[in-house]
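Chemist: With the input below, show me the fold.
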Amino acid sequence: MRTLIFFLTGVLFLSKCFAQADPSDKQIMDSLLQNDEMLKLIGDFGKPVSYFRANLGAGNQLYSSDDKAVESLQNTRQLIISPSIGYYHKSGFGMSLAGFLLSENKKTDFYQYSISPFYNYSRSKIVEASLSYTHYFQKNIYSANTSPIQNELYGNIVFKKPWLKPGIATGYALGTYHEIINIDTFVRIANQRIHIKYIDTTTIKLSSFSLAGTVEHTFAFYNVFSKKDGLTFVPQFSLIAGINSYKISHKSSVANYNAFTKRLSKRIRHFQSQSAQNSKFEAQSLSLDLDLNYFTGIFYFEPEFYLDYYLPKTHDKRVTQIFNFNIGITF
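Modeler: Numbers count the residues shown, from 1 in each chain. Below is the predicted model:
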């Protein structure tokens, strides 16, 4: 915990030190924002336009979600390739489609897809806001490398004025995931060796509500390598609270129930430690999200690193690390 606090403090301090700009720099930035076509798409200056964005991501990010509480539920460590395409209308409405390419049981395939309609509001000089809904399509309901969430609603508001921008985000997610295990073993009963063979399946229905307070700042640098490029760096800190509920149902004989539950894989850290079906609303995690975006013309490169520290008592690891590197074009 001390290491995490030291790291978070250091990032804030260094960001503050290296983000100074004199008035002449600001004039250059404003000029670029008003004249460069690419920057008009992502800035607050100029007339809003509609555009497409094609993206290719690589990392261990299993979801396309903006909800950090949902992202921290994942447990995969393998490399995932995630191509996506999105349409952004000048009104703020849009939609994105994504696929998730990964390897399972020595077979590489798209095991999951997602669709996300959304609305972004940024015309106000005081706040910017977004609202999105995401649905996940699973190819194999028993795969451990697919989302346990099928439906997710997320919204956030960020205040523009302060140097350190405060915000609030909320999300509601629900879904069903399945575990299957083949039991094939021998046991000794009354000095007799008995062969036990059966298939046990478990269905877990879960729901999650989260509420997060955030602070962030955007550091912008233009004319980095040319007159038509720029770089932004956004560190965001969040305190996430929430409440989770789940319902477990088995399809197996009572005699073999305990043998199965001892071997049941614990996919969801936030849920596996609960002894009851419903948890209480409480602080769940502290998180740090680092987002770097470099753009030149219509091309952009965006590495992102997310670090989550789980607060409640648990027997699992407390730290979740998610990284993703994106490259794409806007047209």
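
Chemist: tell me the contacts of residue 54?
Modeler: 83-85, 328-329, 331 (Cβ atoms under 8 Å, 6 or more residues apart in numbering). For the C-beta atoms, the positions are set from N, CA and C on the backbone; glycine is no exception.

Chemist: Make TSV out of those residues and add pLDDT.
Modeler: Formatted as TSV, these follow (pLDDT from 0 to 100):
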residue	pLDDT
83	96
84	96
85	97
328	96
329	95
331	90
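
Chemist: Just the buried ones from these, in PyMOL syntax?
Modeler: Listed next is the PyMOL selection for buried residues among these, using 16 or more other Cβ atoms under 10 Å:
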select buried, resi 83+84+328
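
Chemist: Paired strands for the helix or strand where residue 205 lies, with orientation please.
Modeler: In the assignment (DSSP states H and E), residue 205 maps to strand 192-216. When sheet partners are counted by DSSP bridges, strand 192-216 sits next to strand 165-189 (antiparallel), strand 229-251 (antiparallel).

Chemist: which of those sits most buried?
Modeler: strand 229-251 (a mean of 17; mean count of other Cβ atoms under 10 Å).

Chemist: Would you pull up how far that strand lies from the middle of the chain?
Modeler: On the basis of Cα atoms, centre = their mean, to the nearest Å, strand 229-251 is displaced by 6 Å from the centre of the chain it belongs to.

Chemist: average model confidence for that strand?
Modeler: Taken as a whole, strand 229-251 has a mean pLDDT of 87.

Chemist: Residue ranges in the stretch 51-200 of the chain under the pLDDT threshold?
Modeler: 64-65, 72-76, 189-190, 197-198 (pLDDT under 70).

Chemist: can you give me the strands for it?
Modeler: 51-59, 80-88, 93-104, 107-121, 127-138, 151-159, 165-189, 192-216 (DSSP state E, counting those that start in this stretch).

Chemist: follow-up on the earlier one: between the contacts of residue 54, which is closest to residue 160?
Modeler: residue 328 (25.5 Å; Cβ to Cβ).

Chemist: Now distance to residue 101 too, for the contacts of residue 54, in a markdown table please.
Modeler: Conversion of these to a markdown table gives the following (distance: Cβ to Cβ, whole Å):
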| residue | distance to residue 101 |
| --- | --- |
| 83 | 8 |
| 84 | 11 |
| 85 | 15 |
| 328 | 16 |
| 329 | 19 |
| 331 | 23 |
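
Chemist: With respect to residue 50, which of the contacts of residue 54 is nearest?
Modeler: residue 331 (10.8 Å).

Chemist: So the closest one is in contact with residue 299, correct?
Modeler: No. In this structure residue 331 lies outside contact range of residue 299 using Cβ atoms under 8 Å: 10.2 Å.

Chemist: sorry, back to before: give me the buried stretch members for the helix or strand just after the strand holding residue 205, please.
Modeler: As assigned by DSSP H and E, the chain's next helix or strand after strand 192-216 is strand 219-222. Judged by neighbour count using 16+ other Cβ under 10 Å, the buried positions of strand 219-222 are 220-222.

Chemist: And those, which is closest to residue 243?
Modeler: residue 220 (37.3 Å).

Chemist: got the contact list for the residue lying closest to the closest one once chain neighbours are set aside?
Modeler: In this structure, residue 220 finds its nearest non-sequential neighbour in residue 232, 5.1 Å apart by Cβ to Cβ, 6 or more residues apart in numbering. Residue 232 sits next to 218-221, 292-293 when contact means Cβ under 8 Å, 6+ apart.
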